[in-house]
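Colleague: Quick one, fold the following:
(one chain, ligands or ions: 1)
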Amino acid sequence: MKKVTAAIIEKNGRVLIAQRPQGDKLDLRWEFPGGKIEQGETPEQCFLREIKEELNLDIKITKHFMNSCYKYETGEIELICYLVETIEAN
Ligand SMILES: Nc1nc2c([nH]c(=O)n2[C@H]2C[C@H](O)[C@@H](COP(=O)(O)OP(=O)(O)OP(=O)(O)O)O2)c(=O)[nH]1
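Modeller: From the prediction side, this is the model:
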């Protein structure tokens, strides 16, 4: 099963979600920012890397929120979700 990390970034009562690019797998679906764990990475390392790559945001993990499994036709994933805070530049 593919393991994927996802960030729940909440600010002023709103949660950030992102849309997958047109032409990619599962295109135009909405998702929590994150991505799949590469070999040799911990979930936390994957998570910080993906958020920096995708959103150029520095974040701090507040806590693990939940894991959720889902079976697509193309395979099964386990989504590992964290609540996070953004680190604002001074
Ligand atoms: N980041 C994120 N991914 C999600 C969510 N829900 C969900 O089913 N996914 C799935 C979509 C993708 O199959 C996978 C994320 O992997 P990815 O975007 O890093 O890579 P991918 O599987 O599209 O691409 P590939 O390199 O395996 O071909 O997790 C979500 O809320 N956030």
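Colleague: ok now stretch 58-77, how far from the chain's centre?
Modeller: The gap between where stretch 58-77 is centred and where its chain is centred comes out at 7 Å by Cα atoms, centre = their mean, to the nearest Å.
Colleague: which other helices and strands contact the helix or strand of the chain with the lowest mean pLDDT?
Modeller: Least confident helix or strand, the chain: helix 43-55 with a mean of 89, by mean pLDDT, DSSP states H and E. Under the contact definition 3 or more Cβ pairs under 8 Å, 6 or more residues apart in numbering; DSSP states H and E, helix 43-55 sits against strand 2-11, strand 34-36, strand 59-72, strand 75-86. In short, each C-beta sits where N, CA and C put it, glycine included.
Colleague: Now render these as JSON lines, adding mean neighbour count.
Modeller: Formatted as JSON lines, these follow (neighbours: other Cβ atoms under 10 Å):
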{"stretch": "strand 2-11", "mean neighbour count": "18"}
{"stretch": "strand 34-36", "mean neighbour count": "17"}
{"stretch": "strand 59-72", "mean neighbour count": "12"}
{"stretch": "strand 75-86", "mean neighbour count": "16"}
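Colleague: Tell me who's in contact with Gly35.
Modeller: Val4, Thr5, Cys46, Glu50, Glu54 (Cβ atoms under 8 Å, 6 or more residues apart in numbering).
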